[in-house]
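Student: With the sequence up front, the predicted model follows.
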Amino acid sequence: MYALMFINVLFLGIDTFRDVPFGMSFGIPIALSAAIVARAAIWVRRRSIIAAPKDVQLYLRGTIITAAVFSIIFGSWGAFLFSENEPIRSVSISLYIFVGAISCCFCLQALPLAGYFVILFGIMPVTIQLLASPSWSLASIGINFLIVTLLILRTLSTSHAGFKHGLQARSDMRFEQDRARAAERTAQELAYQDPLTGLQNRRALTEQLDMLTVRHERASRMNLLLLDLDRFKGVNDAHGHGVGDKLLQSVARRLKTIVGRSGSAYRLGGDEFAVTLSPSSDQVARSLADRLIQGMATPFPIDGFLHHISASIGISEFPSDADSRDSLMQYADIAMYEAKSQGRSRYSIFEPSMGQSLAARAVLESEMRADLCTNAFQPYYQPIVNLASGRIVGFEMLARWERADGKPVGPGQFIPIIEECGLIGELMLKLLEQVCIDAANWPSDLTIAINVSPVQFRDPWLSEKILAVLTKRGFPSRRISLEITENALISDPIAAQRIIESLKNQGMLLALDDFGTGYSSLQHLNMLPFDKLKIDHSFVHNVDTDESAYRMVMAMIRLANSLRLSVVAEGVESQSVFETLQRLGCQEVQGYLFGKPMNMADTTNLLQTGERRPDWLKNDAR
Ligand code: C2E
Ligand code: CA
Ligand code: CA
């Protein structure tokens, strides 16, 4: 348009040169051309920028004003030239003006108001002069101009409506496209995100592992850490799913903070999480695992409670352990189970031997389930001796499993598995019933100690179930002493306290087992009505030779005395340990020195041989 205007003005200027005063044939065209070039330059510059909507409005307003100003100058100049020339020259001048203005109108279709100004100020002065001319031929040209102008006006308005419609449709389409793209993005995010914690989910992990294992092509090392929370189920069962969810969210936040930028964190479902480290090294993976274990073992405050959980972590490595996504996951899982079986709140790094032990464990588990219906599990009895009298005052029942191949398996091996399968309650009640039968004819002052696993305190009906067995067999509850460890009081102290108090109310005795190995908290001793404290074997076995063990045992005995609890020292194997304990004022002892755990027949035999003094004491010179 600007080029057209420029040519038009130039030609009109040349055409009328010398016919009119110099300023009109030279000055005006030069001024107009300069303005046109300047305006064109502004337009060219703006073509390359994406203007903000409010700037666009400003530019359009500027175009309308410029169109009006240019048209006024152009139209007035045309009218002047028209009036200054003879009729035949005026026709050509009016044609220059008309064609030039009409062409500009076409170019301004998108902005009809600017077009209207061009018509009004550009064409109308000359047209009016033509119409007012006494010459019929000039007037008829004016009429023609008028008709064409009206037609152009109409075309301008309809084409502008079409242009607006087209623009609207295009903007609607873009809006819809943006909306569809945003919806797709959200769907994509949801598909890869865990809704509860906001961490990435299992699907994201699988794809990430695929990408890493393919991309790295064994060039650099990558680690996968699988993290499973310990004792989470206890919190969930005792405090409800609301608290469980909040706990998982807190765990996720802590996990994210600890991992930071060193890797990516995922929630795989339930209380299972994962971390990928790439690139990684043995040291990086170990240090992160250490920090995670520490972080998860720090209590979580939720709704006024402090929740104590911990995490077990399994670590596998690409490419040295595993060469694909599936094997990486499987090996990390195996290592995680290894960490759990080693006592939780620890990590273990995958080793090929772990796979074999896992398979062996699976065999053990299925055999155990079958044997629970038979007599393969039997109660063994280990004497507990009063130090002052040297007489047996009771027995601790210790479970033994006689497998089909004749090999006896110790509780250290099968109790953790049976706990994990949720069968420990069933086993304990079965053994308790056998105890009631075995001990029915033993002297009635003998107490039998029964170990209660911490896992059993998750069962709100535990005390009712124990009582039901005692009632069924008519066994007096005062002859049963329940041994519990401090672990039972950790995950849900209130539920444990309720169950224990109900058992205590039925007349059973209560012993705190393995004292000194766990939390050894005074609060736990105070919290429950314990009758006995059992000092762990690890302090007792060298009490006669090790100064610090001696002092520990002495402190424990004093503590128990001041709380009016009787003390049982476990694991007494030698006479010198026995004598040391005697000097320290310990009340009861238990250990190989007085007898190993025996089956029912041997125990009954021992009791029938008179004095109820173990052989070693009978031969004692005292
Ligand atoms: P515990 O309650 O601390 O039982 C004492 C353990 O020390 C027994 O091991 C016993 O045989 C062993 N012991 C006794 N005197 C000596 C000694 O002089 N020297 C040494 N080195 N050890 C001695 P056991 O029978 O292998 O039982 C291991 C653990 O398994 C028990 O530790 C107890 O926590 C658990 N357990 C055994 N039977 C049951 C059961 O019926 N239910 C539950 N929940 N746990 C049980
Ligand atoms: Ca015990
Ligand atoms: Ca013990």
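Tutor: Received the coordinates, thanks. Ligands and ions are numbered 1, 2, ... in the order given.
Student: can you give me the helices for the stretch 451-600 of the chain?
Tutor: 462-473, 493-505, 522-527, 537-540, 547-562, 575-584, 600-608 (DSSP state H, counting those that start in this stretch).
Student: Mean pLDDT and mean neighbour count added to those helices, as CSV?
Tutor: In short, each C-beta sits where N, CA and C put it, glycine included. Below are these laid out as CSV (pLDDT from 0 to 100; neighbours: other C-beta atoms under 10 Å):
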stretch, mean pLDDT, mean neighbour count
helix 462-473, 96, 16
helix 493-505, 90, 18
helix 522-527, 80, 14
helix 537-540, 94, 20
helix 547-562, 94, 16
helix 575-584, 96, 17
helix 600-608, 94, 15
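Student: Give the closest residue to Leu581 in space, chain neighbours not counted.
Tutor: When the adjacent residues along the chain are set aside, Leu581 lies closest to Ala569, with 5.1 Å between them (C-beta to C-beta, 6 or more residues apart in numbering).
Student: swap in Asn599?
Tutor: Per C-beta to C-beta, 6+ apart, closest to Asn599 is Tyr380, 5.8 Å.
Student: So which elements touch the lengthiest helix in the chain?
Tutor: The helix spanning the most residues in the chain, taking DSSP state H as the definition, is helix 136-191. With contacts taken as 3 or more C-beta pairs under 8 Å, 6 or more residues apart in numbering; DSSP states H and E, helix 136-191 sits against helix 87-107, helix 112-117, helix 124-132.
Student: if you compare the ones you listed, which one is most tucked away?
Tutor: Using mean count of other C-beta atoms under 10 Å, the stretch among the helices and strands packed on helix 136-191 with the largest mean neighbour count is helix 112-117, at a mean of 22.
Student: Dump that one to CSV, restricted to CA.
Tutor: Taking C-alpha atoms only, helix 112-117 is exported to CSV below (Å, rounded to 0.1, in the frame of the first residue of the first chain):
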residue,chain,number,x,y,z
PRO,A,112,-12.7,-0.4,7.7
LEU,A,113,-12.7,2.8,9.7
ALA,A,114,-9.3,3.8,8.2
GLY,A,115,-10.8,2.9,4.8
TYR,A,116,-13.8,5.1,5.4
PHE,A,117,-11.5,8.0,6.2
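Student: just to revisit the earlier point, what angle do the longest helix of the chain and helix 124-132 make?
Tutor: Helix 136-191 runs at 150 degrees relative to helix 124-132, counting by axes from the mean of the first three to the mean of the last three C-alpha atoms, to 10 degrees.
Student: Would you pull up how far helix 136-191 lies from the middle of the chain?
Tutor: Relative to its chain's centre, helix 136-191 lies at 51 Å (C-alpha atoms, centre = their mean, to the nearest Å).
Student: start at 42 instead
Tutor: Got it, the first residue is 42 from now on, which makes the last one we talked about helix 177-232.
Student: what's downstream of that helix, the next helix or strand?
Tutor: Note on helix 177-232: by DSSP states H and E, the next helix or strand toward the C-terminus is helix 243-257.
Student: Contacts for that following helix, please.
Tutor: 232-234, 241, 263, 265, 305, 307, 309-310, 315, 317, 319, 359-360, 364-366, 369-370 (C-beta atoms under 8 Å, 6 or more residues apart in numbering).
Student: Tell me which of the residues you listed fall in helices.
Tutor: Checking those against DSSP H, those in helices are Ala232, Arg366, Leu369, Met370.
Student: Return the distance of the last one relative to Phe391.
Tutor: Applying C-beta to C-beta, to the nearest Å, one obtains 11 Å for the distance of Met370 from Phe391.
Student: same question, the second one
Tutor: Taking C-beta to C-beta as the criterion, Arg366 is separated from Phe391 by 15 Å.
Student: List, one by one, the residues from this structure near ligand 2.
Tutor: Asn492, Glu524, Asp554 (C-beta under 5 Å from the ion).
Student: want to throw these into CSV with distance to Gly283 and neighbour count?
Tutor: Output for those, formatted as CSV (distance: C-beta to C-beta, whole Å; neighbours: other C-beta atoms under 10 Å):
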residue, distance to Gly283, neighbour count
Asn492, 34, 21
Glu524, 34, 19
Asp554, 34, 24
